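K.L.:
Quick one: sequence and predicted model below, then my questions.
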Protein chains: 2
Amino acid sequence: MMSKRGLLIVISGPSGVGKGTVRAEFMKNEDLNIAYSISMTSRQKRPGEQEGVDYFYVTREEFEKAIEEGKLLEWTEFVGNYYGTPLEYVNKLRDEGKNVVLEIEVEGAMNVKNKCPDAIMIFITPPSMEELERRIRGRRTEAEEIVQQRLAKAEREMTYVGQYKYVICNEDVALAAELITVIIRRNMEK
Amino acid sequence: MMSKRGLLIVISGPSGVGKGTVRAEFMKNEDLNIAYSISMTSRQKRPGEQEGVDYFYVTREEFEKAIEEGKLLEWTEFVGNYYGTPLEYVNKLRDEGKNVVLEIEVEGAMNVKNKCPDAIMIFITPPSMEELERRIRGRRTEAEEIVQQRLAKAEREMTYVGQYKYVICNEDVALAAELITVIIRRNMEK
């Protein structure tokens, strides 16, 4: 039997908002049949990491070739390394009936929205910008300049909120995860 | 026994988006213990309408006095008549343990947010601006100029989306109502 094609769920929002925490929470529901998309990267494999588990590892040249050939659903460059989502891999998982979750930055999410108009776009917001600042500062000891850059980036990212079908405040992780679960379940029934 | 103070739930979004339809759907859940807030108005009572059921009817002078005395949580003027939410009435319902739902325009919602920081702010969006236009045009036969004014207003209203904790696309009324139900239930448990 062919299984029904899986959903594509995009979880985005400003960095520091807690996307990963919310994702880990709703992924506990095994009936959601979720596959978390593994990214492709040009950065070096670190000790303990595994090909096809942590990342798909390629060279810079291979990554750039993949960009040129349109093989990436979205990609970004961060501290000299490329990171992206292989389109074919996502399609394969969806064809197998898996609901694929992408947890990505706002810019990449807009690319996914353009390439996959059926993607379920979910934006996670902080309870307030003050709370986001507290979370960013709490995460690690960074130079004030870096903190300010991250906050300015977060404010720019917040302006994309209107591009999303669902916006969920991460004030209460359990509630945020429950709302996403409801959205996925309902779309699975369609 | 004193009952726990009720929640204040604000349902807002551009006019034509279907706020009333979504509200009617989630209000079917009687366990949510919802009281829909009755507005005060300076407009004439129409045949069949009842004081304290459809509206609280007052004169323009009484309404203006209520504004001056800060007795309104929010208010607006529409085609020469005032409409607003009496603060004392909302507080009374909440003190009785009722969860009060306000279905109001974006501008009024911002006033509520300022006056009641504990209000649960929910914004309903259309699947797209094209779909909103279709809904506005489908509602009644209006002059093109009026339709354009309503659309321009809706676009201005959409810019307030970042002010809300929860943004829900009214693409699927049942899903929108279910998400609001989850938000209310979770907040009732706190």
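P.N.:
Good, I have the coordinates. Residues are numbered from 1 along each chain as shown, chains lettered A, B, ... in the order given.
K.L.:
Every contact and neighbour count from this point should use C-alpha atoms.
P.N.:
Noted.
K.L.:
Whichever residue of chain A sits closest to chain B: what secondary structure?
P.N.:
Closest residue of chain A to chain B, CA to the nearest CA: A:Val167 (4.6 Å). Under DSSP: H, G, I helix; E, B strand; the rest coil, A:Val167 falls in the strand class.
K.L.:
On the pLDDT front, check it for me.
P.N.:
We have a pLDDT of 97 for A:Val167.
K.L.:
And for it, the neighbour number?
P.N.:
Neighbour count for A:Val167, taken as other CA atoms under 10 Å in any protein chain shown: 29.
K.L.:
Could you do A:Ala177 as well?
P.N.:
Neighbour tally, A:Ala177, other CA under 10 Å: 22.
K.L.:
and the residue nearest the centre of chain A, bridged to which residues?
P.N.:
Nearest to the geometric centre of chain A sits A:Glu103, at 1.3 Å (CA atoms, centre = their mean). With DSSP bridges applied, A:Glu103 shows beta-bridge pairing to A:Ile11.
K.L.:
I figured it hits A:Ser15, correct?
P.N.:
No. Taking contacts as CA atoms under 8 Å, A:Glu103 lies outside contact range of A:Ser15: 10.7 Å.
K.L.:
didn't A:Tyr83 look like it was pressed against A:Thr41?
P.N.:
Yes. With contact defined as CA under 8 Å, A:Tyr83 reaches A:Thr41; the gap is 4.4 Å.
K.L.:
who's more crowded, these two?
P.N.:
Neighbour comparison, A:Tyr83 and A:Thr41: the larger count goes to A:Thr41, with 24 against 21 (by other CA under 10 Å).
K.L.:
show me what contacts that one?
P.N.:
A:Thr41 sits next to A:55-59, A:63, A:81-84 when contact means CA atoms under 8 Å, 6 or more residues apart in numbering or on different chains.
K.L.:
What about these, which are in helices?
P.N.:
When DSSP state H is applied, these are split such that A:Phe63 fall in helices.
K.L.:
Give me the buried subset of the contacts of A:Thr41.
P.N.:
Among the contacts of A:Thr41, those classed as buried by 16 or more other CA atoms under 10 Å in any protein chain shown are A:55-58, A:63, A:82-84.
K.L.:
Out of those residues, which two sit at the greatest distance?
P.N.:
Within the buried ones among the contacts of A:Thr41, two members stand farthest from each other by CA to CA: A:Tyr55 and A:Phe63, at 12.8 Å.
K.L.:
tell me which residues of the lowest-mean-pLDDT helix or strand in chain A are tucked away?
P.N.:
Sorting the helices and strands of chain A by mean pLDDT, DSSP states H and E puts helix A:129-139 at the bottom, at a mean of 85. Residues A:132-133, A:135-137 are the ones in helix A:129-139 that count as buried (16+ other CA under 10 Å).
K.L.:
in chain A, which spans are strands?
P.N.:
Applying DSSP state E to chain A gives strands spanning A:8-12, A:34-36, A:40-41, A:56-57, A:72-78, A:81-86, A:99-103, A:120-125, A:166-169.
K.L.:
and the ones you listed as a markdown table, adding distance to A:Val147?
P.N.:
Output for the strands of chain A, formatted as a markdown table (distance: least, CA to CA, whole Å):
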| stretch | distance to A:Val147 |
| --- | --- |
| strand A:8-12 | 20 |
| strand A:34-36 | 29 |
| strand A:40-41 | 25 |
| strand A:56-57 | 30 |
| strand A:72-78 | 16 |
| strand A:81-86 | 21 |
| strand A:99-103 | 22 |
| strand A:120-125 | 18 |
| strand A:166-169 | 22 |
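K.L.:
Can you tell me the closest non-neighbouring residue to A:Arg137?
P.N.:
Using CA to CA, 6 or more residues apart in numbering or on different chains and skipping residues adjacent in sequence, the residue nearest A:Arg137 is A:Val147, 6.9 Å away.
K.L.:
Thank you, goodbye.
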